[in-house]
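In: Next comes the sequence, and after it the predicted model I'd like to discuss.
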Amino acid sequence: MKKEPIPILTLSEKDKKFFEETIELTSIIKSQHSLFHINRLEDVVNHLRFPFLPHRQTVADFIFITKGKSVRSKGLDKYKFGTNSFFFLPAYQISAHDSMSKNVEGFYCHFDIELFNHKSIHPDYINALPFLDFTGNAVVTVSAAAKEHIIRLLQRMETEYTTKDAMNYNLLAANLLALFMEVKQFYQSGITTANAAARITQQYKSQLSLHIYERKTVAEYAAILSVSPNHLNKSVKAITGKSAQELLGEMILLDAKVLLRQTTLSVSEIAWKIGKEDPSDFIRFFKAKTGFTPTEYRKMD
């Protein structure tokens, strides 16, 4: 079978297939503004239906909470975050959103990296920001003093987005860049460098997110990390309580869920993509992990 690129939703498809199922699309998303969107969390939280199932999108996004709390995942890592905290998700990364408190206040923003071409800022510069990297810590908590400046930047972008039919992309890019520079000073990797097992485990999770379609065995990932499969397994077990093979299975399952919900690929095609050449093997694997067959999961609301 010919190998095809991983299917990813475009922003317009995401608007139709994801946001339309969870929020009042016309009042919140301006579909013609494909490069940028911003809204207040308190304006939409009562329209959201949690949990959001695993999904992948072409735009990067972030949530900034000024009040309340939320639980959201990035790849295999789940984060609980609250007041004065950002959650950043790079484009193409898998995410699920478990919950958000009803009293939440703050901002949601998504943007296409091409937005920065309007400001003559090379997209690689933005991609190099640690919190927008596949391997970076998703949550950044800022100080109370920095929070006031950050809110002013977000309000300025909100005004540009909500009051202008033709947005000034240069202005939006400049304000986003200023926001990122403010946030960057508070970034912490979340990994204790003195703990080799934790470092290896996080690197393993990151590599799973990046290479799940090309590499199917623990030994292949151990080779990337320059450790033996046994050492990788011991490190992962010490940190997570699970084997390296179990984490590999979780990543395969996560990708299968995304493909079932966001593509029209057949169950057989999805089975092949995730390394299960026999569709019946994939069906047994999926049902054992979720309690549903792939077809049943695809039809879930």
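Out: Cool, got the structure. Numbers count the residues shown, from 1 in each chain.
In: mind listing the strands for the chain?
Out: For the chain, the strands defined by DSSP state E cover 36-40, 52-56, 60-67, 69-74, 77-82, 85-89, 94-100, 105-111, 139-141.
In: From the contact counts, what lies against the shortest one?
Out: Okay, so that is strand 139-141. Applying 3 or more Cβ pairs under 8 Å, 6 or more residues apart in numbering; DSSP states H and E, one finds that strand 139-141 contacts strand 77-82, strand 85-89. For the C-beta atoms, the positions are set from N, CA and C on the backbone; glycine is no exception.
In: tell me the most buried of the ones you listed?
Out: Burial of the helices and strands packed on strand 139-141 is given as mean neighbour count (mean count of other Cβ atoms under 10 Å); strand 85-89 ranks first at a mean of 23.
In: what residues does it touch?
Out: Contact partners of strand 85-89, identified using Cβ atoms under 8 Å, 6 or more residues apart in numbering, comprise 60-65, 70, 72, 74, 79, 81, 95, 131-132, 136, 138-142, 183.
In: picking up where we left off before, quick one: closest of the strands of the chain to Arg298.
Out: Of all the strands of the chain, it is strand 52-56 that lies closest to Arg298, at 10.6 Å by Cβ to Cβ.
In: Tell me which other helices or strands that closest one touches.
Out: Contact partners of strand 52-56 among helices and strands, from 3+ Cβ pairs under 8 Å, 6+ apart: strand 94-100, helix 244-262.
In: I'd like the distance between the residue nearest to Leu132 when sequence neighbours are not counted and Gln57.
Out: Closest residue to Leu132 apart from its sequence neighbours, by Cβ to Cβ, 6 or more residues apart in numbering: Pro90 at 4.9 Å. Distance, Pro90 to Gln57, using Cβ to Cβ, to the nearest Å: 10 Å.
In: In contact with the closest residue to Ser143 other than its chain neighbours, which residues?
Out: Using Cβ to Cβ, 6+ apart and skipping the chain neighbours, the partner closest in space to Ser143 is Phe186 (7.0 Å). Counting by Cβ under 8 Å, 6+ apart, Phe186 makes contact with 140-143, 146.
In: same question, Phe116
Out: Residues in contact with Phe116 (Cβ under 8 Å, 6+ apart) are 122-123, 125-126, 173, 176-177.
In: what does Glu269 give?
Out: For Glu269, the contact set (Cβ under 8 Å, 6+ apart) is empty.
In: Next: Leu179.
Out: Going by Cβ under 8 Å, 6+ apart, Leu179 touches 150, 153-154.
In: now do Ser73
Out: Neighbour list for Ser73: 54, 79, 94-98 [criterion: Cβ under 8 Å, 6+ apart].
In: Tell me what it is bridged to.
Out: Taking DSSP bridges as the rule, Ser73 bridges to Lys78.
In: between the helices and strands packed on strand 139-141, which one is nearest to Val236?
Out: strand 77-82 (13.3 Å).
In: Tell me which helix or strand in the chain has the weakest average pLDDT.
Out: Using mean pLDDT, DSSP states H and E, the weakest-scoring helix or strand in the chain turns out to be helix 25-28, at a mean of 31.
In: So among the contacts of strand 85-89, which ones count as buried?
Out: Neighbour counting by 16 or more other Cβ atoms under 10 Å classes 60-65, 70, 72, 74, 79, 81, 95, 131-132, 136, 138-142, 183 among the contacts of strand 85-89 as buried.
In: so Tyr92 touches Val59, yeah?
Out: No. If you go by Cβ atoms under 8 Å, Tyr92 and Val59 don't touch, sitting 9.4 Å apart.
In: coming back round to it: could you dump the helices and strands packed on strand 139-141 to a markdown table with mean pLDDT and distance to Arg40?
Out: Shown next, in a markdown table, are those (pLDDT from 0 to 100; distance: least, Cβ to Cβ, whole Å):
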| stretch | mean pLDDT | distance to Arg40 |
| --- | --- | --- |
| strand 77-82 | 97 | 17 |
| strand 85-89 | 98 | 15 |
